[in-house]
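next come a sequence and a model predicted from it.
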Amino acid sequence: MSADSLQALQEKFELAQNEIMQLQKSLQDKEKEIAKLNETFTSRIEEEIEKNRDREIMLFQQSKMAVMGEMIGNIAHQWRQPLSAISSLASGHILNNELGLITPE
């Protein structure tokens, strides 16, 4: 081989080495970018999971309050029903007494 061909091969080799070094640097940059994106996505996923937990807790509390309200309404209805019957009987007794249909004894 001649000196010129060796020189040409050496220049090609050096160019190839430079290109490999640039590609390696580019690869390292991309790896850093991917790692950063991965951290970002991980933190966003954790935030969304926490938000979903908070929503579930809130929905559970609202559901409990709705059930308690319904239960209190049922209890109030159960109290009003006998009180209404007592009130009707007492009003009827007073009216019958005022009309003279019954005697005080």
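Yep, that arrived. Numbering: from 1, shown residues only.

pull the distance from the host helix or strand of E31 to the chain's centre.
In this assignment (DSSP states H and E), E31 forms part of helix 3-99. Relative to the centre of its chain, helix 3-99 is centred 3 Å away, using C-alpha atoms, centre = their mean, to the nearest Å.

quick one: mean pLDDT over it.
Helix 3-99 carries an average pLDDT of 91.

show me what it is packed against.
Applying 3 or more C-beta pairs under 8 Å, 6 or more residues apart in numbering; DSSP states H and E, one finds that helix 3-99 contacts no other helix or strand. In this view, the C-beta of every residue, glycine as well, is placed from N, C-alpha and C.

for A85, see how far away the residue nearest the centre of the chain is.
For the chain, the residue sitting closest to the mean C-alpha position, by C-alpha atoms, centre = their mean, is N52 at 1.9 Å. Remark: distance between N52 and A85 (C-beta to C-beta, to the nearest Å) = 50 Å.

again, but for M65
31 Å.

swap in K25?
91 Å.

same question for S63.
With C-beta to C-beta as the criterion, S63 and A85 are 34 Å apart.

just N74 next, same as before
Distance from N74 to A85, by C-beta to C-beta: 18 Å.

cool, D29 as well?
From D29 to A85 the distance is 85 Å (C-beta to C-beta).

what does F60 give?
For F60, the distance to A85 equals 39 Å [C-beta to C-beta].
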